[in-house]
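Chemist: build me a structure from this.
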Amino acid sequence: MKNTHVTRIQVLAVVLAIVAASATTLQAQKYTDLYNLGSSGGDPANPAWIGLFAQGRDGSLYSTSQAGGTSALGTAFQLTLAGKITPWSFDGKGTDGVFPYSGLTLGTDGNFYGTTYEGGTSGAGTVFKVTSSGKITTLYSFSGFNCCAYAAPIEGLDGNYYGTTSDGGGEVFGTVYKMTPSGKLTQIYTFPGASKLGYPMGLTLGNDGNFYGTALGGGANKFGGVFKITPGGKLTVLYNFKGTPDGETPKGTIIQASDGNFYGTTEAGGVNGYGSIYKMTPAGALTIIHSFNEDALGLHPLAGLVQATDGKFYGASGSLGSSGVIFQITSKGKYAVLLNFTNVTGKYLGANPQVALFEHTSGTLYGDTAGGGTGKLCFCGVLYSLGMKLGPFVSFVGPLFEDKVGKTIEILGQGLTGATKVSFHGVAATFTVVSDTYLTAVVPAGATTGSVTVSMPGGALTSNKIFRVMPAILSFNPTSGPVGTPVTITGTSFTGASKVTFGGVKATTFSVDSDTQITATVPTGAKTGKIQITTPGGIATSPGVFTVT
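Modeler: Predicted structure coming up:
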């Protein structure tokens, strides 16, 4: 026993030395303590998981805390890049909710959307929106077997908002809902528990227009899993966690990365029992790229990941021997600790980070901690920034990373006032500069899937995501005919088309005549039905039916 004890101490000393080296030599990052929560009355307090950040049209950051405020029932708040904080309190009066764990998402209407865990007309929580000036409006109050929302809803391609409740009692183990911007809510799926998944967390919008999410429990092995759900409510379980060696309790919000795969964290399980980071294909093939251990390199990650513009992933977690860590990991699993929170003034103030980092269009990462700091009223967290020398960029609002020609797209950035050109994969677009941090642009004819670039006198900013120009079929001629009939299809964004089908049967012969025209031959076995064209931007379906005679 004595030799074992000495060995563990020696191993821990080596680990701590490695961490110290990685934190000082990995990259020249700059950590800034922006604001110590509890410095003033009514401040947010102890911002906890999920607590996602959103960037507003004004360039400020917005989120929530489930505690603090004038009634100690939680806040929504604005954080400027200079560290000025403006909180807006929940008080539980009337239809007002309380304990907003969710954080916020920015809608295409310029408002922010979130949920509260309790409160509302039935005490089961609410969905709310808040303006950038702090006006909070309850949109819907949960009740009965539909309660207890942790995550904020996100906007779908149809303009509705989709989210989850994480409980319900009885035989209900959570739901997925669809809500109109005005607050009309419809449950599209109810988790039945038992051998099925249960207790769903946040959703993310996939490149295919479907939603992907995690569930904390249930499933084939009772350790939770990952699911896909269509806007119509068809749910597919993609992966069931086993506990060991992969993980369990996937609390962190899942994200889809630039390589098309999904990435996330589990709070527990894994090879060593202290959580893991996973990569999953859209089809559900999951690989563990890092397993946490009981050491100073991190453990039990509640927060999910963010992929920054350098292609790497950043996250935060607890750790042994410090107040938590911020880490970096590549898609291949190369893992390094960037810094250890110490909660010592001048040395990475803060403790217990539970919220995923957020990359602002300035290129700087932002986050918060649930504890620590030097607040006069309480040591209830810090708001911080982490500079990794990543350059500025532009980003899209909500689900607007794909749309059709002629649609108006919202773009966030900085220094946009002097913009001279906006282009979609090299094709110039008409645009309107609304402010220095927000502009709109119309998807131009001839645009193809690729990056969006905003040009200014001082240089150009490129989007952090690829914009997918979705194809559209406007008409076809003739509208009927036998096998072997050549059909001329007109529309938009046909460049790069890889498949044409008639009633689901693939045409063996077709030619892309231009970006607006395709000629396809009705194939053997074709059935009366819709014509579909597949391009890099998505799938276009004809408004009418082609009749096979």
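Chemist: residues in contact with the nearest residue to Ile229 once chain neighbours are set aside?
Modeler: Once flanking residues are discounted, Ile229 sits nearest to Leu235: 4.5 Å by C-beta to C-beta, 6 or more residues apart in numbering. Every C-beta, even on glycine, is put in place using the N, C-alpha and C of the backbone. For Leu235, the contact set (C-beta atoms under 8 Å, 6 or more residues apart in numbering) comprises 176, 189, 227-229.
Chemist: does Val226 count as helix, strand or coil?
Modeler: Following DSSP: H, G, I helix; E, B strand; the rest coil, Val226 is assigned to strand.
Chemist: now do the same contact list for it.
Modeler: 212-215, 237-239, 250, 254, 262, 264, 280, 284, 286.
Chemist: go again with 10 Å.
Modeler: Residues in contact with Val226 (C-beta atoms under 10 Å, 6 or more residues apart in numbering) are 197, 212-215, 219, 236-241, 250, 254, 262, 264, 278, 280, 284, 286.
Chemist: just the buried ones from those residues?
Modeler: 197, 212-215, 219, 237-241, 250, 254, 262, 264, 278, 280, 284, 286 (16 or more other C-beta atoms under 10 Å).
Chemist: so which of the residues you listed are in strands?
Modeler: Counted as lying in strands by DSSP state E, out of these, are 197, 212-215, 237-240, 262, 264, 278, 280, 286.
Chemist: what's the closest of those residues to Val127?
Modeler: Closest approach to Val127 among these (C-beta to C-beta): Gly213, at 16.5 Å.
Chemist: now do the closest one, the pLDDT please.
Modeler: Here, the pLDDT recorded for Gly213 equals 97.
Chemist: end to end on stretch 427-437, go ahead and measure it.
Modeler: End-to-end distance for stretch 427-437, by C-alpha to C-alpha, to the nearest Å: 22 Å.
Chemist: same check on stretch 214-224?
Modeler: With C-alpha to C-alpha, one end of stretch 214-224 sits 7 Å from the other.
Chemist: buried set for that stretch?
Modeler: Neighbour counts over stretch 214-224 (16+ other C-beta under 10 Å) mark 214-219, 223-224 as buried.
Chemist: so which of those residues comes closest to Tyr62?
Modeler: Of those, the one sitting nearest to Tyr62 (C-beta to C-beta) turns out to be Thr214, at 23.6 Å.
Chemist: got any ranges where this protein has weak pLDDT?
Modeler: Applying pLDDT under 70 to the chain flags the ranges 1-28, 169, 193-195.
Chemist: mind running it again at 50?
Modeler: Scanning the chain with the threshold set as pLDDT under 50 gives 1-27.
Chemist: what helix or strand does the nearest residue to Gly298 once chain neighbours are set aside sit in?
Modeler: Leaving aside its chain neighbours, Gly298 sits nearest to Ser317 (4.2 Å; criterion: C-beta to C-beta, 6+ apart). In this assignment (DSSP states H and E), Ser317 forms part of strand 313-317.
Chemist: run through the neighbouring helices and strands of that strand.
Modeler: Other elements packing on strand 313-317 under the criterion 3 or more C-beta pairs under 10 Å, 6 or more residues apart in numbering; DSSP states H and E are strand 262-266, strand 276-280, strand 286-291, strand 306-307, strand 325-329, strand 335-340, strand 365-368.
Chemist: just to revisit the earlier point, who wins for neighbours among the contacts of Leu235?
Modeler: Phe227 (26 neighbours; other C-beta atoms under 10 Å).
Chemist: show me what contacts that one?
Modeler: Going by C-beta under 10 Å, 6+ apart, Phe227 touches 176, 189, 191, 196-197, 200, 203, 211-215, 219, 235-240, 254, 284.
Chemist: so what would you say the end-to-end distance of stretch 122-138 is?
Modeler: The first and final residues of stretch 122-138 sit 13 Å from each other (C-alpha to C-alpha).
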